[in-house]
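K.L.:
One predicted model, sequence on top.
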Amino acid sequence: MTAKVYTIASGKGGTGKTTTTVNLGTSLAGLGKKTLILDADIGMANLGLVLGLEKSEVTLHEVLAGTADVEDAIYDGPNGLKVLPSGISLQGFQNADPEKMIEVMGNLVEKYDYMLIDAPAGISKDGVVPLAIADDVILVVNPEISSLADALKIKVLVEMIDSTVMGVVLNRVGTTTTELSKQKVESLLDARILETVPDDTNVRNASAFRMPVVVKYPESPASISFKRLAASLAGVEMPVETEEVEKKEGFVDRLARALFGGI
């Protein structure tokens, strides 16, 4: 078994990259896939915070500093997901050697079906390694021109280092009437959209409980999108319960349009 390695990247912070990593990883694990998510943003780590692991004594910081074994820095997440968080201390960041990331990945790649790397936002020296070691890069963007402009820079960097952008997760769709269309995003980035995730208050509500939305609110619109993406990556059919929720929501949407003119 050799893991399929996806690096989840974005051109700027705040696009929902970490949220996508956590929920996609949890959804893959829910499909019975051995899945590890790894926080490669060793300077501004957030993945552990999202899952309530920020007080972990051993993290990727210690592994990259050579003071801990990688297996001691892996923690249990929802659905059997495995989590390798980075630390939040400045001292740990200073001691960590990002170039050891390749060695760390080499020790793990034979143990999982899927590995998702939460890359640092933007362009930085620390961010090159996660992009280079991925089988494919998935860009997370919002439907606004500034987000796309920054994502385009990441795409160019990925191509410069001979890696590949698999596609785009268009996140927080439906927030404004001025947002860019799916077709416009695909045209500007010259990349296909793998999944569209609607703006969903359940995502923020789940974060308050330190839980992925696919666990806390499994039938929410965003959860359905994340689970659909996971099923697509895994090459399996959508879970039956997810399909049923989609059908119900489709009917409600059609009814709303008929009664209220598509509000």
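P.N.:
Perfect, thanks for sending it.

K.L.:
Could you pull up the contacting residues of Thr164?
P.N.:
By Cβ atoms under 8 Å, 6 or more residues apart in numbering, the residues touching Thr164 are Asp135, Asp136, Val137, Val158. For every residue, glycine as well, the C-beta is placed using N, CA and C.

K.L.:
Model confidence for the third one, exactly?
P.N.:
Spelled out, that is Val137. For Val137, the model assigns a pLDDT of 98.

K.L.:
got the contact list for it?
P.N.:
Val137 makes contacts with Tyr6, Thr7, Ile8, Ala9, Leu131, Ile154, Val158, Ser163, Thr164, Val165, Met166, as judged by Cβ under 8 Å, 6+ apart.

K.L.:
now do 6 Å
P.N.:
By Cβ atoms under 6 Å, 6 or more residues apart in numbering, the residues touching Val137 are Thr7, Ala9, Leu131, Val158, Ser163, Val165.

K.L.:
Which helix or which strand is home to the first one?
P.N.:
For Thr7, the element it lies in under DSSP states H and E is strand 4-9.

K.L.:
Give the next helix or strand downstream of that strand.
P.N.:
Immediately after strand 4-9, counting by DSSP H and E, sits helix 17-30.

K.L.:
what angle do that next one and strand 4-9 make?
P.N.:
Calculated by axes from the mean of the first three to the mean of the last three Cα atoms, to 10 degrees, helix 17-30 forms an angle of 160 degrees with strand 4-9.

K.L.:
Quick check: buried residues in helix 17-30?
P.N.:
Residues 17-30 are the ones in helix 17-30 that count as buried (16 or more other Cβ atoms under 10 Å).

K.L.:
need the helices for the stretch 1-150 of the chain, in chain order.
P.N.:
Ranges of helices in the stretch 1-150 of the chain, per DSSP state H, counting those that start in this stretch, are 17-30, 47-50, 60-65, 90-95, 101-108, 125-132, 145-160.

K.L.:
Contacts made by the strand holding Thr7 with the rest, please.
P.N.:
Residues from elsewhere that reach strand 4-9 (Cβ under 6 Å, 6+ apart): 17, 20-21, 114-119, 130-131, 134-139, 154.

K.L.:
measure the nearest residue to Val129 once chain neighbours are set aside to Phe226 for me?
P.N.:
Once flanking residues are discounted, Val129 sits nearest to Met101: 4.8 Å by Cβ to Cβ, 6 or more residues apart in numbering. Going from Met101 to Phe226 by Cβ to Cβ, to the nearest Å gives 26 Å.

K.L.:
Which of the two has more residues huddled nearby?
P.N.:
Phe226 (28 against 22; other Cβ atoms under 10 Å).

K.L.:
residue contacts, the more buried one?
P.N.:
Contact analysis of Phe226 by Cβ under 6 Å, 6+ apart lists Asn23, Leu24, Ser27, Val214.

K.L.:
coming back round to it: of the contacts of Val137, closest to Val109?
P.N.:
Distance to Val109 across the contacts of Val137 (Cβ to Cβ) is lowest for Thr7, with 13.2 Å.
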